[in-house]
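Chemist: Here is the input, now give the coordinates:
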Amino acid sequence: MTLSLPTPDLPRVRLKPKANARGIRHGFPWVYASDLVTDRRTRALNAGTIAVLEDDKRSPLGLVAVNPDSKIICRMLERDISVPLDRRWFGLRLAKALQLRERLFRDPFYRLVHAEADGLPGVIIDRFGDICVVQPNAAWAEMHLEMLTEALIETTGVGTVLKNASGRTRTLEGLDDLSGVLRGSAPDAPIPVPMNGAIYMADLTGGQKTGLFFDQRPNHAFAARLASGARVLDVFSHVGGFALAALAGGAARALAVDGSAPALLLAEQGAAAAGMSERFATRQGDAFDVLTALGAEGAQFDIVICDPPAFAPSKSALEPGLRAYERLAKLAAPLVADGGYLCLCSCSHAADLGRFHAASARGIGRAGRQAQLIHTGVAGPDHPQLPHLAESGYLKSLFFRL
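Modeler: Reported below is the predicted structural model:
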């Protein structure tokens with residue numbers, strides 16, 4: 001079974017003369033709509049169609065998935081146009097991804113596929129033991145989800161595969177938001193996930209994204225190194241995030257703040273599962289409001305972590321996003337005891353490290369504090385970066401000593 005017709009019969013799409021063909025040849029995986037000849041035939045292609053991409057001189061560059069309705073009109077799948085994109089092709093990509101994760105992690109809890117960086121554009125797969133959660137965030141992956149699922153089971157041996165259809169990216173691709181079970185049966189309770197000595201409870205069907213954020217694992221570990229005997233505040237905590245890792249690292253107590261009551265309930269369950277409930281507390285509310293209230297109360301912590309959602313998810317949102325990061329730093333810095341630590345995080349790919357650092361430093365300065373930057377963290381190695389694609393290096397975690 002193959003995805004496509006033999007290569008000679010595949011549709012062909014062509015770059016405009018001034019498009020960056022060299023960048024494509026050297027590894028950039030996307031073609032924007034403004035760089036492609038979008039004649040009537042190209043515009044008539046169904047979203048997810050596999051085609052041969054040619055440069056302006058009609059020399060082939062590779063096999064791409066085409067979505068005429070997306071700003072990213074082509075995603076590079078395979079450089080060799082003679083390769084059949086069948087289940088074996090999926091299996092080879094998945095096996096390569098699995099080999100890396102099995103070398104990195106003892107337990108099968110990790111991001112198995114990180115989209116373009118693992119050669120499967122727009123595809124996210126997180127593994128939770130015997131369960132994989134797939135986010136097919138591109139039209140081509142949605143179209144061929146059955147084949148991907150079969151290859152995933154064959155490669156990993158998992159018994160259950162879930163589809164998560166939430167997120168802004170699917171909307172941009174013109175896809176629906178219908179999640180479901182692709183194989184096996186959905187778990188009837190949260191899944192315990194061991195990381196950094198803590199236990200996190202992941203809701204794979206009703207939680208955010210795939211149920212847990214694996215990307216902060218090394219930054220949780222760094223915070224835990226600072227945590228012995230510390231009072232810890234974890235803002236935008238989700239299911240326990242930094243707070244539970246800090247407690248596992250010996251923190252005296254930790255307060256987790258989040259707007260979601262279900263997420264905080266999962267955090268409490270995680271603390272209980274690890275025997276840390278007596279040192280753990282939660283506070284539900286808007287993060288900015290809670291930070292303001294804690295400041296008015298004169299609260300002090302040895303470690304404060306702020307790990308918000310993307311304030312700048314696109315270039316158009318960059319400036320207001322940077323202002324939000326600055327405001328967050330200004331509110332958080334006064335809560336840090338002298339000699340304590342402030343960790344500020346951003347998952348906004350539109351806000352690069354330089355801009356995020358500058359916004360954070362401005363906020364700390366406006367709070368009247370002086371800081372030393374002691375560590376800059378990125379996503380864990382199960383979230384590899386594609387060197388040609390800045391968007392794959394989205395996560396930044398700045399640790400300051402105040």
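
Chemist: quick check: longest helix of the chain.
Modeler: Across the chain, the helix with the greatest residue count (assigned by DSSP state H) is helix 87-104.

Chemist: Extract the C-alpha trace of that one and format it as CSV.
Modeler: Once non-C-alpha atoms are left out, helix 87-104 reads as follows in CSV (Å, rounded to 0.1, in the frame of the first residue of the first chain):
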residue,chain,number,x,y,z
ARG,A,87,4.1,2.0,5.4
ARG,A,88,7.7,1.0,5.2
TRP,A,89,8.7,4.6,4.7
PHE,A,90,6.7,5.6,7.8
GLY,A,91,8.3,2.7,9.7
LEU,A,92,11.8,3.7,8.9
ARG,A,93,11.2,7.3,10.1
LEU,A,94,9.6,6.0,13.3
ALA,A,95,12.3,3.5,13.9
LYS,A,96,15.0,6.2,13.6
ALA,A,97,13.1,8.4,16.1
LEU,A,98,12.6,5.5,18.5
GLN,A,99,16.3,4.6,18.4
LEU,A,100,17.2,8.1,19.7
ARG,A,101,14.6,8.1,22.5
GLU,A,102,15.5,4.6,23.7
ARG,A,103,19.1,5.7,24.0
LEU,A,104,18.1,8.8,25.9
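
Chemist: List of residues touching the helix or strand just after it?
Modeler: For helix 87-104, the following helix or strand on the C-terminal side (DSSP states H and E) is strand 109-114. Strand 109-114 is touched from outside by 93-94, 97-98, 101, 104, 120, 123-129, 132, 156, 193-195, 214-215, 380, 382-384, 392, with contacts defined as C-beta atoms under 8 Å, 6 or more residues apart in numbering. Quick note: C-beta positions are derived from backbone N, CA and C, even for glycine.

Chemist: Flag the shaky bits of this protein, pLDDT-wise.
Modeler: Residues of the chain that meet the criterion pLDDT under 70 lie in 1-8.

Chemist: tell me the domain ranges of it?
Modeler: Using automatic domain parsing, the domains assigned to the chain come out as 7-78, 87-183, 194-401.

Chemist: so where do the helices sit in the stretch 51-200 of the chain?
Modeler: Residue ranges of the helices in the stretch 51-200 of the chain, as given by DSSP state H, counting those that start in this stretch, are 87-104, 139-143, 145-156, 168-172.

Chemist: next one: the stretch 201-350 of the chain
Modeler: 217-225, 241-248, 261-273, 287-297, 318-332.

Chemist: The first one to helix 241-248, inter-axis angle?
Modeler: I take that to be helix 217-225. 40 degrees (axes from the mean of the first three to the mean of the last three C-alpha atoms, to 10 degrees).

Chemist: can you count the residues close to Ala350?
Modeler: Burial of Ala350 is recorded as 21 neighbouring residues (other C-beta atoms under 10 Å).

Chemist: And for the one 5 residues further on?
Modeler: Neighbour count of Arg355, defined by other C-beta under 10 Å: 19.

Chemist: what do you get for Asn46?
Modeler: 11.

Chemist: Distance check, it against Gly240.
Modeler: Going from Asn46 to Gly240 by C-beta to C-beta, to the nearest Å gives 43 Å.

Chemist: The lengthiest strand in the chain pairs with which strands, and in what direction?
Modeler: Longest strand in the chain, counting residues (DSSP state E): strand 336-346. Strand 336-346 has these partner strands in its sheet, going by DSSP bridges: strand 301-306 (parallel), strand 396-401 (antiparallel).

Chemist: Mind putting those strands into a markdown table with mean neighbour count and distance to Ala273?
Modeler: As requested, the strands paired with strand 336-346 are exported to a markdown table (neighbours: other C-beta atoms under 10 Å; distance: least, C-beta to C-beta, whole Å):
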| stretch | mean neighbour count | distance to Ala273 |
| --- | --- | --- |
| strand 301-306 | 26 | 21 |
| strand 396-401 | 22 | 25 |
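
Chemist: In JSON lines, list the ones you listed along with distance to Met147.
Modeler: Compiled in JSON lines, those are given as follows (distance: least, C-beta to C-beta, whole Å):
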{"stretch": "strand 301-306", "distance to Met147": "41"}
{"stretch": "strand 396-401", "distance to Met147": "36"}
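
Chemist: Relative to Ala165, which of the helices of the stretch 201-350 of the chain is closest?
Modeler: helix 261-273 (19.0 Å; C-beta to C-beta).

Chemist: The closest one packs against which elements?
Modeler: Under the contact criterion of 3 or more C-beta pairs under 8 Å, 6 or more residues apart in numbering; DSSP states H and E, helix 261-273 touches strand 198-202, helix 241-248, strand 253-258, strand 280-284.

Chemist: ok, now which ones touch the residue positioned nearest the centre of the chain?
Modeler: The residue lying closest to the centre of the chain (C-alpha atoms, centre = their mean) is Asp215, at 6.5 Å. Each residue near Asp215 by C-beta under 8 Å, 6+ apart is listed here: 111, 347, 379-380, 383, 395.

Chemist: how about a cut-off of 7 Å?
Modeler: Counting by C-beta atoms under 7 Å, 6 or more residues apart in numbering, Asp215 makes contact with 379-380, 383, 395.

Chemist: do you know how far it is from Pro387?
Modeler: Going from Asp215 to Pro387 by C-beta to C-beta gives 18 Å.

Chemist: For stretch 40-47, measure first residue to last.
Modeler: With C-alpha to C-alpha, to the nearest Å as the measure, stretch 40-47 spans 14 Å from end to end.

Chemist: Now do it: distance to the chain's middle.
Modeler: The chain centroid and the centroid of stretch 40-47 are separated by 31 Å under C-alpha atoms, centre = their mean, to the nearest Å.

Chemist: One more: stretch 18-38?
Modeler: Chain-centre distance of stretch 18-38: 25 Å, with C-alpha atoms, centre = their mean.

Chemist: Same check on stretch 284-295?
Modeler: 26 Å.
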